[in-house]
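K.L.:
Sequence first, predicted coordinates after that:
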2 protein chains.
Amino acid sequence: MLNFTFYNPTRIIFGKGTIDQVGSQCKRFSTRVLLHYGGGSIKKNGVYDEVVSSLNKEGIEFVELSGVVPNPRLSKVLEGIEIVRRENISFILAVGGGSVIDSAKAIAFGSLADGEHLWEDYFMNPENSIKKALPVGVVLTIPASGSESSTSLVITDERSNLKRAIKSEQVIPQFAIMDPETNYSLPDYQTACGAADILAHLMERYFTNELHNDLSDELLEGAMRNVLAHAPLALKHPADYKYRSELMWTGTLAHNDLFDRGRVADWASHAIEHELSGAYDIAHGAGLSIIFPAWMRYVYKRNIDRFVQFAIRVCSVNLSLDDKDAVVESAIDRLELFYRSLGLPVRLTDAGIGTEKIDLMSKNAMINKETIGNFVKLTEDDVRKILRLAL
Amino acid sequence: MLNFTFYNPTRIIFGKGTIDQVGSQCKRFSTRVLLHYGGGSIKKNGVYDEVVSSLNKEGIEFVELSGVVPNPRLSKVLEGIEIVRRENISFILAVGGGSVIDSAKAIAFGSLADGEHLWEDYFMNPENSIKKALPVGVVLTIPASGSESSTSLVITDERSNLKRAIKSEQVIPQFAIMDPETNYSLPDYQTACGAADILAHLMERYFTNELHNDLSDELLEGAMRNVLAHAPLALKHPADYKYRSELMWTGTLAHNDLFDRGRVADWASHAIEHELSGAYDIAHGAGLSIIFPAWMRYVYKRNIDRFVQFAIRVCSVNLSLDDKDAVVESAIDRLELFYRSLGLPVRLTDAGIGTEKIDLMSKNAMINKETIGNFVKLTEDDVRKILRLAL
């Protein structure tokens, strides 16, 4: 087990009817709030009205900025920063899923950042650490990104179609209000993409070269099994609180950094997927269900026993260890079957994507980087081969 | 899954050579510190010198209060409060295990509490919530109590031999420095008692009447299996970092309240054990290894399937479900074998304790309470029967 630190002060407020606490939670930090959200689904499902009513009840003044899209854009972030500065706002409230939260985090630190080159200074230069940020709060409506209590955010610069992630303790949300009932009205495809994202956050942390990190293995395996069990049930019974609550809570714990302490996680599949959804604007979860099986097939021989453990303990493969390759192959096949059962693509061609941008994506993945990933350090040529395996 | 909140802001700093960060961590809060510790083992194993050197390096003034004993005493807490007030101290640094941390937490809130009747106002009246406390930091040297990032503390009033627990967000430590190498010199019995305490924290949370709380089940089961696997290895190889680090990290996560969100935990065995170690001053972990099997035998029929799940997934019992009582019996027998393999008592008579105080302990357990425990709400008569089952 490697040395580590862990610090996650997000106050989680989970359950039915919890959205009416948003006003009092905001009030602990500010009475001038940016209310940030997406395309209006929160107006259809009633969440918007609940939030506004709670803010009004506590006498909180707010300015609205809506229109955040999946793979959230830099231009919207810059718009938010301008509003915050002009309106003297000191708290960002994100109501939505990962895209809204990530956009809110970017506004939160961008508003206090020096200089005019936010993209170049931070996103293209992630070593330039974020020193301060306005506090952020979350009302989560889509379980997927884990951004509601994570250090990370991902933004796309639509000028270059580059999608980049940065991490900082400064942007961990102060609170996250999570009512699984808000998930009842999610389209099936969004539920499926969310489950794939949650599972990916767990798998990225699972595939490590660090030995003897058994508790983390147990926690990750348990959480993975939980996604495999509950995602199909949530699709089958979309208004069943049991299944929605399991997915929602697992989504948070999959990405608050607790489950990979003492090890180096991989993150190559996420990096490759960022190129894919940067280039094609497909859903992040659908990109992950395409990339992950290909990545697994490409790298598993580096430490086959790690994949055998995954096969046995997560995928319930009971083939003899006489043929470990068959054990791993069976596990990856089962993973693909799981994705397909949720209606997700597992090949680029399933998503209507061909070879045309493989070279571009492989090249973009390496901008400012020598290699990507940690389980195997991948070069541009490796990325190209993984994308071809995914065809 | 029940509605819940989760908030745990302790900064965990885990690994080899981390104690030299204690000065800089304290300095974030104060330069006048109470250095609180136990019987002097930290002077033998070098931890004391490391701590003092780091405090000196950062220019932190400190007053020492040592002599905390297992089952920490109210009189020591009152002594600490007097020192804090007299010396104008604003930070409590606990160096040791759960007893030292709990004593530090009591000093931290007691120093700011009104009135002169700390025991009566708070410990005997746990509904009287703690409003404020001085910040506490921890250098942990014994994995067991989980107090390094928990809301709870347990103090014994030696006038009455009553041992009482209280909980408050106000006393969650600000940081916990955890170097597993400090555990190498622990006596075997203390390692064993620590493991029993960790396992008990997980079992208390596992045995619930709340249905459909699957992620928590997975996390608790994984952590329990981890204790069952690593405690014997740590005893066999006391200076092996792998095993010590697993136990230490599991000990923290077993008690930071993350693993039982969405359910009501039991805590009857802890309450009964508090009477036992209050009356006889035996180690808390040894008390738990006596009480838990007896409690299980007494209550399991309330929800036999919960115990069957424990038997299969934690104790690897593979008997046919045709006879669920046999499945559960086998699991409890295996648990007792585990305790015995660590050198722990599983009967009162193993610890030289007879029937003489059973009535007194059963009566004391019910002071200010109608019932104890949640899986089954136990009366005084139930407690008496459980203690007799443990003979």
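P.N.:
Looks like it came in fine. All figures in this text were calculated on a predicted structure; none of them were measured in a lab. Numbers count the residues shown, from 1 in each chain, chains lettered A, B, ... in the order given.

K.L.:
Name the helix or strand for residue A:80, please.
P.N.:
Taking DSSP states H and E as the criterion, residue A:80 maps to helix A:74-87.

K.L.:
partners of the helix or strand that that helix is followed by, with directions?
P.N.:
Using DSSP H and E, the helix or strand that follows helix A:74-87 in sequence is strand A:91-96. Within its sheet, strand A:91-96 is paired with strand A:32-37 (parallel), strand A:136-140 (parallel), according to DSSP bridges.

K.L.:
what's the closest of those to residue B:134?
P.N.:
strand A:136-140 (28.0 Å; C-beta to C-beta). Where you see a C-beta, it was placed from the backbone N, CA and C, and this is true even at glycine.

K.L.:
What are the contacting residues of that closest one?
P.N.:
A:19, A:22, A:25-26, A:29, A:47, A:51, A:91-97, A:101, A:104-105, A:108, A:147-148, A:171, A:173-178, A:182, A:248 (C-beta atoms under 8 Å, 6 or more residues apart in numbering or on different chains).

K.L.:
Out of those, name the ones that lie in helices.
P.N.:
Within the contacts of strand A:136-140, residues falling in helices by DSSP state H are A:22, A:25-26, A:47, A:51, A:101, A:104-105, A:108, A:248.

K.L.:
quick one: which two of those residues are the most distant?
P.N.:
Once C-beta to C-beta is applied, these give A:108 and A:248 as the farthest pair, at 23.1 Å.

K.L.:
so what secondary structure elements neighbour the helix ranked longest in chain A?
P.N.:
Ranked by number of residues, the top helix in chain A under DSSP H is helix A:214-236. Helix A:214-236 is packed against helix A:188-206, helix A:241-253, helix A:304-313, helix A:324-341, helix B:214-236, helix B:241-253, with contacts defined by 3 or more C-beta pairs under 8 Å, 6 or more residues apart in numbering or on different chains; DSSP states H and E.

K.L.:
same for the last one, what does it pack against?
P.N.:
Using 3+ C-beta pairs under 8 Å, 6+ apart as the contact criterion, the neighbours of helix B:241-253 among helices and strands are helix A:214-236, strand B:4-14, strand B:175-178, helix B:188-206, helix B:214-236.

K.L.:
what mean pLDDT does the first one have?
P.N.:
Averaging pLDDT along helix A:214-236 yields 98.

K.L.:
Only C-alpha atoms, please: export it in PDB.
P.N.:
Output of helix A:214-236 as PDB, limited to C-alpha atoms (Å, rounded to 0.1, in the frame of the first residue of the first chain):
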ATOM      1  CA  ASP A 214      -6.700  -5.800  -0.400                       C
ATOM      2  CA  LEU A 215      -9.300  -3.600   1.300                       C
ATOM      3  CA  SER A 216      -9.500  -1.300  -1.700                       C
ATOM      4  CA  ASP A 217     -10.000  -4.400  -3.900                       C
ATOM      5  CA  GLU A 218     -12.800  -5.600  -1.700                       C
ATOM      6  CA  LEU A 219     -14.500  -2.200  -1.700                       C
ATOM      7  CA  LEU A 220     -14.100  -1.700  -5.500                       C
ATOM      8  CA  GLU A 221     -15.300  -5.300  -6.200                       C
ATOM      9  CA  GLY A 222     -18.400  -4.900  -4.000                       C
ATOM     10  CA  ALA A 223     -19.300  -1.600  -5.700                       C
ATOM     11  CA  MET A 224     -18.800  -3.100  -9.100                       C
ATOM     12  CA  ARG A 225     -21.000  -6.100  -8.300                       C
ATOM     13  CA  ASN A 226     -23.600  -3.600  -7.100                       C
ATOM     14  CA  VAL A 227     -23.600  -1.700 -10.400                       C
ATOM     15  CA  LEU A 228     -23.800  -5.000 -12.400                       C
ATOM     16  CA  ALA A 229     -26.800  -6.000 -10.300                       C
ATOM     17  CA  HIS A 230     -28.700  -2.800 -10.000                       C
ATOM     18  CA  ALA A 231     -28.300  -1.100 -13.400                       C
ATOM     19  CA  PRO A 232     -30.500  -3.700 -15.200                       C
ATOM     20  CA  LEU A 233     -33.100  -3.600 -12.400                       C
ATOM     21  CA  ALA A 234     -33.200   0.200 -12.500                       C
ATOM     22  CA  LEU A 235     -33.900   0.000 -16.300                       C
ATOM     23  CA  LYS A 236     -36.600  -2.600 -15.700                       C
END
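
K.L.:
How about the residues of chain A by chain B?
P.N.:
By C-beta under 8 Å from any C-beta of the partner chain, the residues of chain A that approach chain B are A:1-18, A:212, A:214-215, A:218-219, A:221-223, A:225-226, A:229-230, A:241-242, A:245-246, A:249-250, A:253, A:258, A:261-262.

K.L.:
Would you agree residue A:378 is in contact with residue A:372?
P.N.:
Yes: counting by C-beta atoms under 8 Å, residue A:372 is a contact partner of residue A:378 at 5.2 Å.

K.L.:
residues shared between the contacts of the two?
P.N.:
Common neighbours of residue A:378 and residue A:372 (C-beta under 8 Å, 6+ apart) are residue A:268.

K.L.:
The two: which has the busier surroundings?
P.N.:
More crowded of residue A:378 and residue A:372, by other C-beta atoms under 10 Å in any protein chain shown: residue A:378, with 26 against 23.

K.L.:
Grab the most central residue of chain A for me.
P.N.:
The centre of chain A sits closest to residue A:145, judged by C-alpha atoms, centre = their mean, with a distance of 2.7 Å.

K.L.:
Now it: closest residue in space, sequence neighbours ignored.
P.N.:
residue A:98 (2.5 Å; C-beta to C-beta, 6 or more residues apart in numbering or on different chains).

K.L.:
Any idea how many residues pack against that neighbour?
P.N.:
29.

K.L.:
Correct me if wrong: it contacts residue A:147.
P.N.:
Yes: Residue A:98 lies in contact with residue A:147 (C-beta under 8 Å); the separation is 4.6 Å.

K.L.:
need the helices for the stretch 251-391 of chain A, in chain order.
P.N.:
A:268-280, A:284-299, A:304-313, A:324-341, A:358-364, A:380-389 (DSSP state H, counting those that start in this stretch).

K.L.:
picking that back up, gap between the longest helix of chain A and the chain center?
P.N.:
16 Å (C-alpha atoms, centre = their mean, to the nearest Å).

K.L.:
Per-residue pLDDT of the residue sitting furthest away from the middle of chain A, please?
P.N.:
In chain A, counting by C-alpha atoms, centre = their mean, residue A:322 sits farthest out from the average C-alpha position, at 37.0 Å. pLDDT for residue A:322: 97.

K.L.:
residues in contact with the residue of the stretch 51-200 of chain A found nearest chain B?
P.N.:
Relative to chain B, the nearest point of the stretch 51-200 of chain A is residue A:180 (8.1 Å; C-beta to the nearest C-beta). Going by C-beta under 8 Å, 6+ apart, residue A:180 touches A:14-16, A:143, A:241, A:244-245, A:247-248.

K.L.:
repeat that with 10 Å
P.N.:
A:14-16, A:18, A:140, A:143, A:234, A:240-249, B:1 (C-beta atoms under 10 Å, 6 or more residues apart in numbering or on different chains).

K.L.:
same deal with residue A:131?
P.N.:
Contacts of residue A:131 (C-beta under 10 Å, 6+ apart): A:109, A:112-114, A:168, A:170.

K.L.:
Looking at those, which has the smallest pLDDT value?
P.N.:
Out of the contacts of residue A:131, that is residue A:114, at 83.

K.L.:
Assumed that residue was part of a strand.
P.N.:
No: Residue A:114 is assigned coil when assessed by DSSP: H, G, I helix; E, B strand; the rest coil, not a strand.

K.L.:
burial count for residue A:316?
P.N.:
Residue A:316 has 12 nearby residues by other C-beta under 10 Å.

K.L.:
Go ahead and confirm it touches residue A:334.
P.N.:
Yes: look at residue A:316 against residue A:334 with C-beta atoms under 10 Å: they come within range, at 8.0 Å.

K.L.:
what do these two both touch?
P.N.:
Joint contacts of residue A:316 and residue A:334 (C-beta under 10 Å, 6+ apart) are residue A:228.

K.L.:
Now do the closest residue to residue A:340 other than its chain neighbours against chain B, distance only.
P.N.:
Excluding its sequence neighbours, the residue lying closest to residue A:340 (C-beta to C-beta, 6+ apart) is residue A:346, at 6.1 Å. Remark: distance between residue A:346 and chain B (C-beta to the nearest C-beta, to the nearest Å) = 26 Å.
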